[in-house]
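**Student:** Need coordinates for the following:
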Amino acid sequence: MTFATSWTQFFPPRDGAPLTEANLPNQSGEVFIVTGGSSGIGYELSRILYGAGGKVYMLTRSKEHAEDAINRIQASYADKGDKNTKRGSLEFIFMDLVDFTTVKTAAQQFLDREGPDGRLDILFNNAGTGSLKNAPPTTQGHEYHFATNSLGHHLLTRLLTPMLSQTAKRSPSDTVRVVWAASVLVELMSPQDGVRKEYLQDPFSITNSDELYASSKAANWFLASEFARRQTKAGGVFGSGVVHLAGNPGNYSTGIWRTVPAWLTFVMGPLLRDPVHGAETYMWMAFSDEVTMPDAVAGRYAMCDGRWHPGQRADLVSALKPEEEGGSGRAKEYFEWCEKAVKELVE
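**Tutor:** So this is what the prediction gives:
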């Protein structure tokens, strides 16, 4: 990774996003899930999709915050006074990623609401936590950062894969997608191979919260690549026809900074942008014609504000490839570790 690659992720081209609220095509009839949709990037994404006519499900842990977000979004469009434009809909479903039973319940509630003929066009795995020192184990005893940022979304994606694949069968090729949240710290702070083998053997053997955060974001890239690789035309538990893509949405002023040291927030403050630009990155990942299934299978990686990353660290690229293809196979190891961790909840 070059200096220029790092620089452009902290200081992306001004007004360079290919897809914005102004030019996003109409999304009437499309169905979206945004985890963490009541604040930050998730809020802006939910707002824009609603304004474009989409049906948006917010999966988040606070009913109060979700209802407030829904009211603010609806009011923001009402104030624009365009009564001829058909807006979409916004629905709240409770989900707390620190308790995987709520993930399973949320997935089932979504499926029940959509019904057997329902659809899911894009799943935005957006919710997450920042670096949190001395974070407690989750309800099921998992390490906090990985559970919240990665493993919980693996579970949600597995539970929703049949609906995603069903939607892909009746949609234009490569348009049904899962967007995975990564970070610039994947390349700046994650360890060799992205996720230590020691973590997979004993998650609590790694105690540095900054590394755990960076690794959990690298893990999302691994999951995107492995889900794409494991799909078959015949379908199966990993689906068919669904494009999985990970990327760095950028650095934004959101609630994720509430858990990091105050000095770091002070230092990073001038570099933080309005979260709407992060939503624009996710929209490119979700809707751009530049994104294809071969890109997903190859493990290509997106970055702000809707661009392909020119080239990640060699060890991370190697981690995406199984040993039989000359790689380290760490992505495959992590995916299989996730499968074991959620086995009882997907059977």
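**Student:** number of nearby residues for D289?
**Tutor:** 7 (other C-beta atoms under 10 Å). C-betas here are computed from N, CA, C, even on glycine.
**Student:** and M293, what does it touch?
**Tutor:** For M293, the contact set (C-beta atoms under 8 Å, 6 or more residues apart in numbering) comprises S173, D174, A228, G241, V243.
**Student:** For T175, see how far away it is.
**Tutor:** Counting by C-beta to C-beta, to the nearest Å, the separation of M293 from T175 is 10 Å.
**Student:** quick one on the thing from earlier: got CSV for the contacts of M293, with neighbour count too?
**Tutor:** CSV is the format used below for the contacts of M293 (neighbours: other C-beta atoms under 10 Å):
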residue, neighbour count
S173, 10
D174, 17
A228, 24
G241, 20
V243, 27
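**Student:** Would you format those as JSON lines with pLDDT, distance to Q201 and secondary structure included?
**Tutor:** Listed next are the contacts of M293 as JSON lines, based on pLDDT from 0 to 100; distance: C-beta to C-beta, whole Å; DSSP: H, G, I helix; E, B strand; the rest coil:
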{"residue": "S173", "pLDDT": "97", "distance to Q201": "40", "secondary structure": "coil"}
{"residue": "D174", "pLDDT": "97", "distance to Q201": "37", "secondary structure": "coil"}
{"residue": "A228", "pLDDT": "97", "distance to Q201": "26", "secondary structure": "helix"}
{"residue": "G241", "pLDDT": "96", "distance to Q201": "35", "secondary structure": "coil"}
{"residue": "V243", "pLDDT": "98", "distance to Q201": "32", "secondary structure": "strand"}
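**Student:** For those, please prepare CSV with the additional fields distance to E344.
**Tutor:** Output for the contacts of M293, formatted as CSV (distance: C-beta to C-beta, whole Å):
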residue, distance to E344
S173, 35
D174, 33
A228, 25
G241, 28
V243, 28
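**Student:** any chance you could map the helices in the stretch 101-250 of the chain?
**Tutor:** Using DSSP state H, counting those that start in this stretch, the helices of the stretch 101-250 of the chain run over residues 144-146, 152-169, 185-189, 197-201, 209-230.
**Student:** On the pLDDT front, check the spatially closest residue to A331 that is not a sequence neighbour for me.
**Tutor:** Leaving aside its sequence neighbours, A331 sits nearest to F222 (C-beta to C-beta, 6 or more residues apart in numbering; 3.7 Å). Per-residue pLDDT puts F222 at 98.
**Student:** With E339 as the reference, measure out to F222.
**Tutor:** On the measure of C-beta to C-beta, F222 and E339 end up 13 Å apart.
**Student:** Name the residue in those two with the higher neighbour count.
**Tutor:** Taking other C-beta under 10 Å, F222 and E339 do not tie; F222 has more neighbours (29 against 15).
**Student:** which of the residues in stretch 49-67 are buried?
**Tutor:** 49-61, 65-66 (16 or more other C-beta atoms under 10 Å).
**Student:** any idea of the mean pLDDT for it?
**Tutor:** Here the average pLDDT along stretch 49-67 is 97.
**Student:** before we move on, what about stretch 119-137?
**Tutor:** 95.
**Student:** about what we covered before: thought P322 was touching the residue nearest to A331, still the case?
**Tutor:** No - judged on C-beta atoms under 8 Å, F222 makes no contact with P322 at a distance of 11.7 Å.
**Student:** about what we covered before: mind listing the shared neighbours of M293 and T175?
**Tutor:** V243.
**Student:** Just the closest of the buried residues of stretch 49-67 to T207, please.
**Tutor:** R61 (25.4 Å; C-beta to C-beta).
**Student:** residue contacts, the residue nearest to A331?
**Tutor:** G194, V195, A319, L320, R330, A331, Y334, F335.
**Student:** Could you check how far it is from V186?
**Tutor:** Distance from F222 to V186, by C-beta to C-beta: 10 Å.
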